[in-house]
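> Build the 3D model from these lines:
(2 chains)
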Amino acid sequence: GQQLNQSPQSMFIQEGEDVSMNCTSSSIFNTWLWYKQDPGEGPVLLIALYKAGELTSNGRLTAQFGITRKDSFLNISASIPSDVGIYFCAGHRSLYMEYGNKLVFGAGTILRVKS
Amino acid sequence: NAGVTQTPKFQVLKTGQSMTLQCAQDMNHEYMSWYRQDPGMGLRLIHYSVGAGITDQGEVPNGYNVSRSTTEDFPLRLLSAAPSQTSVYFCASSYSGLAEHEQYFGPGTRLTVT
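Below is the predicted model of the structure:
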């Protein structure tokens, strides 16, 4: 069943505001990933994090791999209308664990931006 | 490159009917997978394949079959459709091994079972 807890479930913010969302798990992951899904499309990889404590940026997006390896955070600065979509966190485990070398996804954070 | 393509984009089935969702990729990726997306549930892995001739079950495999006869294609078969299989289905592909998490997703197939 679902193993990643992603929050908030949805957000409705003003254009220009900063956005924060997070993902937690009871299990350790070796890699944390953040995907964005535009309406009617498949998810697209935004950021991948490989090391506990790592902080990585991609334009206005910044993500962190939690020290405990059980959580990750995504921040979006100065939001714009095209940031609308669903943001998914995903955890990646090493071989020989449940479902092998596979991704486990959170339920997603729906981001809506008021212009 | 077309990337990952899926057909059809939309499908309506009656309970008990069978059908095949098609997925193809032209990036020579070894790893391919099928997910279903339901509201509030994120993406759940149905089946995956690490190469031609090799498939395995994911988190929610019941009611679905897959095969992988070529590197490019990974069809998903619904044996006897049920309303619980109403969902959006995504196919994804990637290189296997350490880059397996860098998955490229197709545009999805929206399936409704009545």
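> Could you use CA atoms for every contact and neighbour count after this?
OK.
> shaky segments in the chain?
In the absence of a named chain, this looks at chain A. A:1-2, A:94-101 (pLDDT under 70).
> Chain B, not that one
Checking chain B against pLDDT under 70 turns up B:98-99.
> tell me which element the closest residue to chain B within chain A is part of?
The nearest approach of chain A to chain B comes at A:A107, 3.7 Å away (Cα to the nearest Cα). A:A107 is part of no helix or strand, with elements assigned from DSSP states H and E.
> Show me what from chain B comes close to chain A.
Residues of chain B lying close to chain A (Cα under 8 Å from any Cα of the partner chain) are B:40-44, B:58-59, B:90, B:100-108.
> which of those residues count as buried?
Neighbour counting by 16 or more other Cα atoms under 10 Å in any protein chain shown classes B:42-44, B:58, B:90, B:100-108 among the residues of chain B next to chain A as buried.
> Tabulate those residues (JSON lines), appending secondary structure and distance to A:T24.
Rendered in JSON lines, the data for these read as follows (DSSP: H, G, I helix; E, B strand; the rest coil; distance: Cα to Cα, whole Å):
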{"residue": "B:G42", "secondary structure": "strand", "distance to A:T24": "14"}
{"residue": "B:L43", "secondary structure": "strand", "distance to A:T24": "16"}
{"residue": "B:R44", "secondary structure": "strand", "distance to A:T24": "17"}
{"residue": "B:G58", "secondary structure": "coil", "distance to A:T24": "21"}
{"residue": "B:F90", "secondary structure": "strand", "distance to A:T24": "24"}
{"residue": "B:E100", "secondary structure": "coil", "distance to A:T24": "22"}
{"residue": "B:H101", "secondary structure": "coil", "distance to A:T24": "18"}
{"residue": "B:E102", "secondary structure": "coil", "distance to A:T24": "20"}
{"residue": "B:Q103", "secondary structure": "coil", "distance to A:T24": "21"}
{"residue": "B:Y104", "secondary structure": "strand", "distance to A:T24": "24"}
{"residue": "B:F105", "secondary structure": "strand", "distance to A:T24": "24"}
{"residue": "B:G106", "secondary structure": "coil", "distance to A:T24": "27"}
{"residue": "B:P107", "secondary structure": "coil", "distance to A:T24": "27"}
{"residue": "B:G108", "secondary structure": "coil", "distance to A:T24": "27"}
